[in-house]
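S.K.: got a sequence here, can you model it:
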Amino acid sequence: MILYHGSQVEVSCPDLLHSRANVDFGKGFYTTPIYSQAYKWCLKFKNRGLNGIVSKYILSEEFTNVLRVLRFDTYCEEWLDFILSCRSGNDHTDYDLVIGGVANDKVFNTVELFLDGLIDKSEALNRLRYEEANLQICFRTELALQFLKFEGSEPI
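M.R.: Next up is the predicted model:
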């Protein structure tokens, strides 16, 4: 599987040291199989006058036999609970890899309405079902990163 990472620098050796805490799937190295999504991630940097670089990787299919993987195929209650847990710093799971939808600005607006008590969970899930899920893959352990091979990069 081909994956991409959008950043302000080429990331030839992904690591967990540069990861931020309290994001969608917890601390980890985030990628996507959708080139246009990585490109959009780069635009955040470009809009601030910085470089934008898409790095490309190959994910070895052998990971399926070794890693502890959590997969969300849709925006669902379990996805919402997991996102909330990770973003609040309360995730204590031991998944190596998490795959699922991105809580982009539009999606997270719904999540924030729920967090603020302005809508209930069923209304939040109802709104999320109309959102087209982008896909992110979060490598949360060094073991998971061993299955990722750098292929090159391109400036945006």
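
S.K.: number of nearby residues for Leu67?
M.R.: Per other Cβ atoms under 10 Å, the neighbour tally for Leu67 reads 17. Using the backbone N, CA and C atoms, a C-beta is placed for each residue, glycine as well.

S.K.: show me what contacts it?
M.R.: Asp96, Leu97, Thr141, Leu143, Ala144, Phe147 (Cβ atoms under 8 Å, 6 or more residues apart in numbering).

S.K.: any idea which helix or strand carries it?
M.R.: Assigned by DSSP states H and E, Leu67 belongs to no helix or strand.

S.K.: then Cys86?
M.R.: Here Cys86 is assigned to helix 77-87, by DSSP H and E.

S.K.: elements contacting that helix?
M.R.: The contact analysis (3 or more Cβ pairs under 8 Å, 6 or more residues apart in numbering; DSSP states H and E) places helix 77-87 against strand 97-101, helix 105-115, helix 121-128.

S.K.: report the distance from that helix to the chain centre.
M.R.: Mean-position distance between helix 77-87 and its chain equals 13 Å (Cα atoms, centre = their mean, to the nearest Å).
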